[in-house]
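**Student:** Give me coordinates for this.
(chains A and B, ligands or ions: 2)
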Amino acid sequence: MKLLTLNFLTCARRTCKTSPSSFPLHPREAELEILESELNLVFLRNILPRLMWSELRGIGEELGLPSLPESPPSREDLVTKPSPAKPSSVTEPSSVEEEGGEGEEVPSQTAKDLHRLLLETTIKEGKLVCGNCGHEYAVKEGVANFLLPGHLV
Amino acid sequence: MSRPEDTLPPDLFYNDSESRKYTTSSRIQKIQSDMTRRALALLSLSSPSLVLDIGCGSGLSGEILSQADDEGTPGGPHVWVGFDISASMLGVALEKEVEGDLLLADAGQGVPFRAGTFDAAISISAIQWLCNAESSEDSPAGRLSRFFNGLYASLRRGGRAVCQFYPKNNEQKKMVSSAAVRAGFGAGLLEDDPGTKNAKTYLVLTVGGGDLDGDITGVVRGMEGVDVMDQRRKAKSKKRAEDTRGSRAWIMNKKEKMERQGRVVKASSKYTGRKRRIAF
Ligand SMILES: C[S@@+](CC[C@H](N)C(=O)[O-])C[C@H]1O[C@@H](n2cnc3c(N)ncnc32)[C@H](O)[C@@H]1O
Ligand SMILES: [Zn+2]
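**Tutor:** Numbering: from 1, shown residues only, chains lettered A, B, ... in the order given. Ligands and ions are numbered 1, 2, ... in the order given. Below you'll find the model as predicted:
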């Protein structure tokens, strides 16, 4: 399971819905795996404002990952700033325009780091624990089990 | 032909051998992929989004979500999370190394994501299963209500969901769509090839608010065979009905809660939660 997904999952128990401590779920005894995928800049830009950043930082810490900056990157931080006017931009304005135009934005290191963290870092085995009720959701082969026994629904 | 829903619970019906048979049948692959494309056309996503796939099974529907725009998936590739009640189906999805994240979960128990998580949701050939309750403490109405309430909350304002399903009869069609309306959705039913044995039913759902046209009539306007269940008033404020104390969705929620606690609740009418005119 991607760390992205963990930033949106909550405890499934009805009685936990209203409790702030039912999010985020806390990974325990987690075995991580990196699964590489193609970076999608437009998706990162789309999802960025929806992330709960301080919770993401906290989870990163719990997993022993390198610590994240205190505040989230901005959308502008995701693209490499066009380098200040090079001689070529004077001689070939048309090609520069093409590059600077649609589609050709270059992901910054920040975008690459964010992609690595959210979409490539996955929990392969372990469990996710609710901070409110303590219920444990097992993760096996990357799949978390959210089935609740009837009396907890 | 008997309906699988009437024979076994879904996690037992979709066991290892059935899951494999289902996924490798080229006839089924074709039908599921056609219906997923139809659902995606109804969602009209314009850029890479976070999408939920309810009853994702072995990933036949999800694989299409992962395709790029030029491979025929509007706005793709999308990032998706799928959940399913059958471990065997998910096992086949794992073997295929689908790109979406997978969860083992029962839609009838709710949708365990925080509010406003997804841009959109699809469900292909799954939610008719919610019309059967496997235990005596549970009921189809309770399962449908937990599912649609959870789905409504998990979608962003202006978000949409499309659920293709196989209703057993008109009564079931109505039971499902009115459960969605009670959860706060704007809902429309679209039927392809009605009256034939290839008939396909799509429940198109919208969440009001946001910049998208959350009004269901905007989505299905001009489409053939669309039956608009509930012409929602255009959301005037950005606030979602669900959040507003006293709103219809809020009242329905309360009612459901009270019913679950065994209290007697006044039967809901189409007037439930409507603003009353102030009497002079
Ligand atoms: C016909 S398959 C469709 C799978 C996939 N969407 C596709 O298009 O191939 C129906 C799926 O719904 C799942 N399902 C049935 N009831 C469910 C429930 N209550 N919660 C989650 N999944 C359910 C079944 O396990 C099965 O995988
Ligand atoms: Zn909990």
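
**Student:** Give the burial count for residue 80, as a bare number.
**Tutor:** Picked chain A for this. 13 (other CB atoms under 10 Å in any protein chain shown). Every residue, glycine included, has its C-beta placed from N, CA and C.

**Student:** not what I meant, chain B
**Tutor:** Other residues close to B:Trp80 by other CB under 10 Å number 27.

**Student:** ok, it - contacts?
**Tutor:** B:50-53, B:56, B:62, B:65-66, B:99-101 (CB atoms under 8 Å, 6 or more residues apart in numbering or on different chains).

**Student:** Tally up the residues packed near the residue nearest to it when sequence neighbours are not counted, please.
**Tutor:** The shortest distance from B:Trp80 to any non-neighbouring residue, by CB to CB, 6 or more residues apart in numbering or on different chains, is to B:Gly100 (3.9 Å). Neighbourhood size, B:Gly100 [other CB under 10 Å]: 24.

**Student:** show me what contacts B:Gly100?
**Tutor:** B:53, B:56, B:59, B:62, B:65-66, B:79-82.

**Student:** returning to that earlier point: kindly identify which of the contacts of B:Trp80 also come near ligand 1.
**Tutor:** Filtering the contacts of B:Trp80 for neighbours of ligand 1 using CB under 6 Å from any ligand atom leaves B:Cys56.

**Student:** Can you tell me which of the contacts of B:Trp80 is closest to ligand 1?
**Tutor:** B:Cys56 (5.4 Å; CB to the nearest ligand atom).

**Student:** Hmm, the closest one is touching B:Ile85, no?
**Tutor:** No - using CB atoms under 8 Å, B:Cys56 is not in contact with B:Ile85; the gap is 10.4 Å.

**Student:** which of these two has more neighbours?
**Tutor:** The neighbour count for B:Cys56 versus B:Ile85, taken as other CB under 10 Å, is higher for B:Cys56 (29 against 22).

**Student:** quick one: which of the contacts of B:Trp80 is nearest to B:Pro74?
**Tutor:** B:Leu65 (10.5 Å; CB to CB).

**Student:** Which neighbouring elements make contact with the longest helix along chain A?
**Tutor:** The single longest helix within chain A, with elements called by DSSP state H, is helix A:53-62. Helix A:53-62 sits against helix A:3-6, strand A:26-34, with contacts defined as 3 or more CB pairs under 8 Å, 6 or more residues apart in numbering or on different chains; DSSP states H and E.

**Student:** Next, the angle from that helix to strand A:26-34.
**Tutor:** 80 degrees (axes from the mean of the first three to the mean of the last three CA atoms, to 10 degrees).

**Student:** For helix A:53-62, C-alpha coordinates in PDB please.
**Tutor:** This file holds the C-alpha atoms of helix A:53-62, laid out as PDB (Å, rounded to 0.1, in the frame of the first residue of the first chain):
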ATOM      1  CA  TRP A  53       1.100  17.300   5.500                       C
ATOM      2  CA  SER A  54       1.800  17.200   9.200                       C
ATOM      3  CA  GLU A  55       0.300  13.700   9.400                       C
ATOM      4  CA  LEU A  56       2.400  12.600   6.400                       C
ATOM      5  CA  ARG A  57       5.500  14.000   8.300                       C
ATOM      6  CA  GLY A  58       4.500  12.100  11.400                       C
ATOM      7  CA  ILE A  59       4.100   8.800   9.500                       C
ATOM      8  CA  GLY A  60       7.400   9.300   7.800                       C
ATOM      9  CA  GLU A  61       9.000   9.700  11.200                       C
ATOM     10  CA  GLU A  62       7.300   6.600  12.600                       C
END
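
**Student:** in it, what counts as buried?
**Tutor:** For helix A:53-62, burial by neighbour count (16 or more other CB atoms under 10 Å in any protein chain shown) applies to A:53, A:56-57, A:59-60.

**Student:** which residues of chain B fall in helices?
**Tutor:** B:10-13, B:16-24, B:26-43, B:60-65, B:87-95, B:140-154, B:170-182, B:216-220, B:248-260.

**Student:** which helices and strands sit right next to the third one?
**Tutor:** Under the contact definition 3+ CB pairs under 8 Å, 6+ apart, helix B:26-43 sits against helix B:60-65, strand B:118-124, strand B:155-165, strand B:200-206.

**Student:** picking that back up, turn the contacts of B:Gly100 into CSV, columns for distance to A:Asp113 and pLDDT.
**Tutor:** As requested, these are arranged in CSV below (distance: CB to CB, whole Å; pLDDT from 0 to 100):
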residue, distance to A:Asp113, pLDDT
B:Asp53, 28, 98
B:Cys56, 29, 98
B:Gly59, 29, 98
B:Gly62, 27, 97
B:Leu65, 25, 98
B:Ser66, 23, 98
B:Val79, 17, 98
B:Trp80, 23, 98
B:Val81, 22, 98
B:Gly82, 27, 98
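
**Student:** wait, which of the residues you listed is closest to B:Ser136?
**Tutor:** Once CB to CB is applied, the member of the contacts of B:Gly100 that ends up nearest B:Ser136 is B:Cys56, at 28.4 Å.

**Student:** Could you check how far A:Gly64 is from ligand 2?
**Tutor:** 24 Å (CB to the ion, to the nearest Å).

**Student:** Please name the residues that touch that residue.
**Tutor:** No contacts exist for A:Gly64 under CB under 8 Å, 6+ apart.

**Student:** and B:Pro77, how many residues sit next to it?
**Tutor:** 21.

**Student:** and chain A, which residues reach ligand 2?
**Tutor:** A:11, A:13, A:16, A:22, A:130, A:132-133, A:135 (CB under 5 Å from the ion).

**Student:** which residues in chain A form helices?
**Tutor:** Using DSSP H, helices in chain A cover A:3-6, A:41-47, A:53-62, A:87-91, A:93-100, A:109-115.

**Student:** on that earlier part again, just send the helices and strands packed on helix A:53-62 back as CSV, with distance to B:Leu190 too.
**Tutor:** Converted to CSV, these look like this (distance: least, CB to CB, whole Å):
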stretch, distance to B:Leu190
helix A:3-6, 30
strand A:26-34, 41
